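Trainee: sequence and predicted model, in that order:
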Amino acid sequence: METVQFGQHPPAARTIVHLSDTHLLAGNRPLGGRYDTASNLGRTLDAVERLGIRPDALVFTGDLTDLGEPEAYAALRAAVEPVAARLGAPIVWVAGNHDERPALRAGLLGREPSDEPVTGVWDLGGLRLIALDSTVPGWHHGDLDDAQLAWLRGILAEPAPLGTVLALHHPPLPSHIPFFDILELRRQSALAEVLEGSDVRAILAGHLHYSTAGTFAGIPVSVASATCYTMNLQRSPAEVNGMDAGQSFHLVHVYDDTITHAVVPVGDAETADFFTPDWLARMAALSPEERLQAFSRKRAR
Ligand SMILES: [Fe+2]
Ligand SMILES: [Fe+2]
């Protein structure tokens with residue numbers, strides 16, 4: 001029933017699962033002395049599998065491990081790869097400021113360890129996905145050096161059939177939380193210049209541990225929260241800190257004319273059971289007018 005169309009828009013052409021900030025530690029030591037990052041990742045991956053879809057990619061936008069330990073990369077791989085294999089989806093690993101490039105390359109990509117930026121290009125059935133590496137070895141803020149920007153410019157010179165999605169760790173957006181602006185992506189105007197006139201339709205990022213969205217150089221930017229812990233935004237900006245709640249990931253639906261980013265909270269609250277595949281099948285069997293009558297008509301009270 002995946003292909004029903006009850007409204008004006010045909011079903012999404014591509015679907016990406018966007019997750020971020022797994023922050024695994026060797027031996028699953030509690031992050032910050034309080035967060036069980038492996039179990040929180042496990043709950044998140046269970047939720048991804050419960051979607052019952054076959055996504056075109058699983059994109060992890062950085063801070064894959066907390067300290068760049070080889071054992072933590074191995075644990076991450078062991079947790080995610082079987083899920084990706086069952087879903088038939090490629091995994092896109094993006095480097096974050098908590099990662100270490102050599103260990104990430106060796107542990108996740110099976111490549112020679114080196115300090116070169118971890119970048120990549122994927123063809124998701126005509127949708128191009130480009131992973132940038134906004135990390136600065138030895139620092140927590142972000143930057144894209146001239147070499148990486150030139151590389152990006154070269155790839156974007158040729159448009160892709162369904163356009164391009166960029167993924168990077170540090171979002172090119174402001175944050176209302178002061179400490180995040182210290183850790184921001186620097187030289188954003190240089191990136192904006194490269195994106196000008198390109199086919200980039202969306203930018204996926206992480207780093208903030210809360211979901212937010214904005215535009216950068218006219219391009220929609222979507223920041224996924226974290227799987228490990230999230231920022232408690234119920235506090236004043238000066239007092240925002242982490243909490244072991246509110247973990248989520250994003251479902252990115254790529255349509256011909258727009259891209260949507262649905263936030264999926266990870267939780268086990270009891271769910272109502274009105275809508276079912278049978279209900280959908282009954283609706284699909286009706287004409288558009290009958291469907292409107294059956295489901296849109298307000299009943300007399
Ligand atoms: Fe993070
Ligand atoms: Fe980060």
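Mentor: Right, received. Where do you want to start? Ligands and ions are numbered 1, 2, ... in the order given.
Trainee: hey, let's count contacts and neighbours off CA atoms from now on
Mentor: Will do.
Trainee: what parts of the stretch 51-200 of the chain come near ligand 1?
Mentor: Neighbours of ligand 1 within the stretch 51-200 of the chain, by Cα under 5 Å from the ion: residue 63.
Trainee: could you list the low-pLDDT ranges of the stretch 51-200 of the chain?
Mentor: By pLDDT under 70, the stretch 51-200 of the chain has no low-scoring segment.
Trainee: residue ranges of the helices in it, please?
Mentor: 70-87, 101-108, 146-156, 178-182, 188-195 (DSSP state H, counting those that start in this stretch).
Trainee: out of these, which is the most enclosed?
Mentor: Greatest average neighbour count among the helices of the stretch 51-200 of the chain goes to helix 101-108 (a mean of 22), per mean count of other Cα atoms under 10 Å.
Trainee: gap between that one and the chain center?
Mentor: On the basis of Cα atoms, centre = their mean, to the nearest Å, helix 101-108 sits 20 Å off its chain's mean C-alpha point.
Trainee: quick one, that helix and helix 70-87 angle?
Mentor: With axes from the mean of the first three to the mean of the last three Cα atoms, to 10 degrees applied, the angle from helix 101-108 to helix 70-87 works out at 40 degrees.
Trainee: convert the C-alpha atoms of helix 101-108 to CSV, please.
Mentor: What follows is helix 101-108, C-alpha atoms only, in CSV (Å, rounded to 0.1, in the frame of the first residue of the first chain):
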residue,chain,number,x,y,z
ARG,A,101,39.4,11.1,11.2
PRO,A,102,42.0,8.3,11.2
ALA,A,103,40.0,6.0,13.5
LEU,A,104,36.8,6.8,11.7
ARG,A,105,38.3,5.9,8.3
ALA,A,106,39.8,2.7,9.7
GLY,A,107,36.9,1.6,11.8
LEU,A,108,33.9,2.5,9.7
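Trainee: which outside residues touch that helix?
Mentor: By Cα atoms under 8 Å, 6 or more residues apart in numbering, the residues outside helix 101-108 that reach it are 68-70, 73-74, 77, 93, 95, 111-118, 137.
Trainee: ditto for stretch 137-147
Mentor: With Cα under 8 Å, 6+ apart as the test, stretch 137-147 has contacts from 97-98, 100-101, 115, 133-136, 170, 182-187, 191.
Trainee: returning to that earlier point: reformat the helices of the stretch 51-200 of the chain as a markdown table; add distance to residue 271.
Mentor: Shown next, in a markdown table, are those (distance: least, Cα to Cα, whole Å):
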| stretch | distance to residue 271 |
| --- | --- |
| helix 70-87 | 24 |
| helix 101-108 | 36 |
| helix 146-156 | 44 |
| helix 178-182 | 35 |
| helix 188-195 | 42 |
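Trainee: of all those helices, which one is nearest residue 263?
Mentor: For residue 263, the closest of the helices of the stretch 51-200 of the chain is helix 70-87, at 19.7 Å, according to Cα to Cα.
Trainee: which among the contacts of stretch 137-147 count as buried?
Mentor: 97-98, 100-101, 133-136, 170, 183-186, 191 (16 or more other Cα atoms under 10 Å).
Trainee: count the residues that sit near residue 125.
Mentor: Residue 125: 12 surrounding residues under other Cα atoms under 10 Å.
Trainee: residue 56 too?
Mentor: Residue 56 has 20 neighbours, counted by other Cα under 10 Å.
Trainee: what residues are up against it?
Mentor: Going by Cα under 8 Å, 6+ apart, residue 56 touches 14-16, 89-90, 124.
Trainee: write the PyMOL selection for whichever of the contacts of helix 101-108 are buried.
Mentor: The PyMOL selection below is limited to those of the contacts of helix 101-108 classed as buried (16+ other Cα under 10 Å):
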select buried, resi 68+69+70+73+74+93+95+117+118+137
